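Enquirer: Have a look at this prediction, sequence included:
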Amino acid sequence: MIQLRNLQKSYQVQGKTIPALHGIDLTIEKGEIYGIIGHSGAGKSTLIRCINLLERPTSGQVFVDGVELTKLDDHKLQEQRRQVGMIFQHFNLLSSATVGDNVAFPLKLAKRPKAEIRQKVDELLKLVGLEAHRDKYPSQLSGGQKQRVGIARALANDPKVLLCDEATSALDPQTTNSILALLLDINRKLGLTIVLITHEMHVIRSICDRVGVIDGGLIVESGKVLDVFLKPQHPTTQEFVEQVADSTELREAVAQEKATGNRTIARVTFLGEQTYQPILFQTMQETGTVFSILQGTISRMKDTPYGQLVVELEGDAQQSERAIQTLRQRGLEVEVI
Ligand SMILES: Nc1ncnc2c1ncn2[C@@H]1O[C@H](COP(=O)(O)OP(=O)(O)OP(=O)(O)O)[C@@H](O)[C@H]1O
């Protein structure tokens, strides 16, 4: 659905060149939710704004649904942009217009007939759960409600792609979750392709299918969320994964064990159905291994339940190795740390 080829972007400020993107190659499939995560200044906003050419790349190509946007004239680009809706961190609503008029705005620009606009606005407000707020002004709404208006407005022209520029960064955790649930619902109901940028791993874990990690204007790691999350390779990715792992105590325990060096510490990962089966306990019992749990998580990555336990195995190295091999044979991922 979206293809970026060797995308480069630098800004010119007072005669100086400020590089932002250094050659991004990225393909985003139809119907998926693709997340781009990176620290401040990594190039996230520049990248997402290059997808609809709000920002013109310095070089490289952008294709959306097979059309190369980078070679269109302004008039054709305007038309193609209707295929791509966008929502923003600070909502960007018209403060002097009602909720209904904000949502109707892109339809009026597209010169749709009045009756059609009315029907479409009704539909969209229902989709985002704001039917009762049609005549209110943005100042009368909560942050979450404002973002719902932003989403309804972005969907007005039936786009194929929705770009989300830090769409939940100004919201509290509970409201963030409700907006993420709405995005997932829309993705499923409408088959919409969603690209979002964020600096929060929680956002990626909740709704994304794939993720790209951006650092210094380059995608340094990408793949399915599950794979990137469970086996982060790049140091920046590892930092982001730690955001949701809360591993201070674990680090201390590992350091202590390394100092005394007479036990084995292993991270055991369960996926899907395994998460709820007593594989670990059975294996330890059968191999006669005494163990204690240092840290444990059971959570979900989008639709997939997963569990991660960090365990300390007592006994000699051979016995611990036997227990670990048995866990692996039974399909669990085991990493000695
Ligand atoms: N309009 C601009 N003019 C000049 N430099 C810019 C402009 N926009 C971004 N930059 C620079 O480009 C680089 C990438 O910025 P960008 O805003 O894309 O990063 P980001 O990952 O979105 O950061 P943040 O999360 O802080 O918004 C930075 O060095 C930034 O200072």
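Expert: Nice, I can see it. Just so it is clear, the structure is predicted and the values come from calculations on it, not from any experiment.

Enquirer: any idea how far stretch 227-236 is from the chain center?
Expert: Relative to the centre of its chain, stretch 227-236 is centred 14 Å away, using Cα atoms, centre = their mean, to the nearest Å.

Enquirer: sorry, that was for stretch 180-188
Expert: So, by Cα atoms, centre = their mean, the centroid of stretch 180-188 is 12 Å from its chain's centroid.

Enquirer: now stretch 226-242
Expert: From the chain centre to the centre of stretch 226-242 is a distance of 13 Å (Cα atoms, centre = their mean).

Enquirer: Using PDB, write down the CA coordinates of that stretch.
Expert: What follows is stretch 226-242, C-alpha atoms only, in PDB (Å, rounded to 0.1, in the frame of the first residue of the first chain):
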ATOM      1  CA  LEU A 226       6.300 -10.000  18.400                       C
ATOM      2  CA  ASP A 227       9.800 -10.800  17.000                       C
ATOM      3  CA  VAL A 228      11.200  -7.300  17.600                       C
ATOM      4  CA  PHE A 229       9.700  -7.200  21.100                       C
ATOM      5  CA  LEU A 230      10.900 -10.600  22.200                       C
ATOM      6  CA  LYS A 231      14.300 -10.400  20.600                       C
ATOM      7  CA  PRO A 232      15.400  -6.800  20.200                       C
ATOM      8  CA  GLN A 233      18.700  -6.500  18.400                       C
ATOM      9  CA  HIS A 234      19.600  -2.900  18.200                       C
ATOM     10  CA  PRO A 235      20.500  -1.000  21.400                       C
ATOM     11  CA  THR A 236      17.700   1.600  20.700                       C
ATOM     12  CA  THR A 237      15.100  -1.200  20.400                       C
ATOM     13  CA  GLN A 238      16.400  -2.700  23.600                       C
ATOM     14  CA  GLU A 239      15.800   0.600  25.400                       C
ATOM     15  CA  PHE A 240      12.300   0.800  24.100                       C
ATOM     16  CA  VAL A 241      11.500  -2.700  25.200                       C
ATOM     17  CA  GLU A 242      12.800  -1.900  28.600                       C
END
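
Enquirer: does the ligand sit close to it?
Expert: No: no part of stretch 226-242 sits near the ligand under the criterion Cβ under 6 Å from any ligand atom; the closest distance found is 11.8 Å. C-betas here are computed from N, CA, C, even on glycine.

Enquirer: Just the buried residues of that stretch, please?
Expert: By neighbour count on 16 or more other Cβ atoms under 10 Å, the buried set for stretch 226-242 is 226, 228, 229, 230, 232, 236, 237, 240, 241.

Enquirer: quick one: least confident of those residues?
Expert: Among the buried residues of stretch 226-242, residue 230 has the lowest pLDDT, at 80.

Enquirer: The residue of the stretch 151-300 of the chain found nearest the ligand and residue 26: what is the separation?
Expert: Residue nearest to the ligand within the stretch 151-300 of the chain: residue 199 (6.0 Å; Cβ to the nearest ligand atom). Plainly put, residue 199 is 18 Å away from residue 26 if you go by Cβ to Cβ, to the nearest Å.

Enquirer: what about the two, which has more around it?
Expert: residue 26 (20 against 16; other Cβ atoms under 10 Å).

Enquirer: would CSV of the buried residues of stretch 226-242 with distance to residue 299 and secondary structure be doable?
Expert: Shown next, in CSV, are the buried residues of stretch 226-242 (distance: Cβ to Cβ, whole Å; DSSP: H, G, I helix; E, B strand; the rest coil):
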residue, distance to residue 299, secondary structure
226, 12, helix
228, 15, helix
229, 10, helix
230, 12, helix
232, 16, coil
236, 22, helix
237, 18, helix
240, 15, helix
241, 12, helix
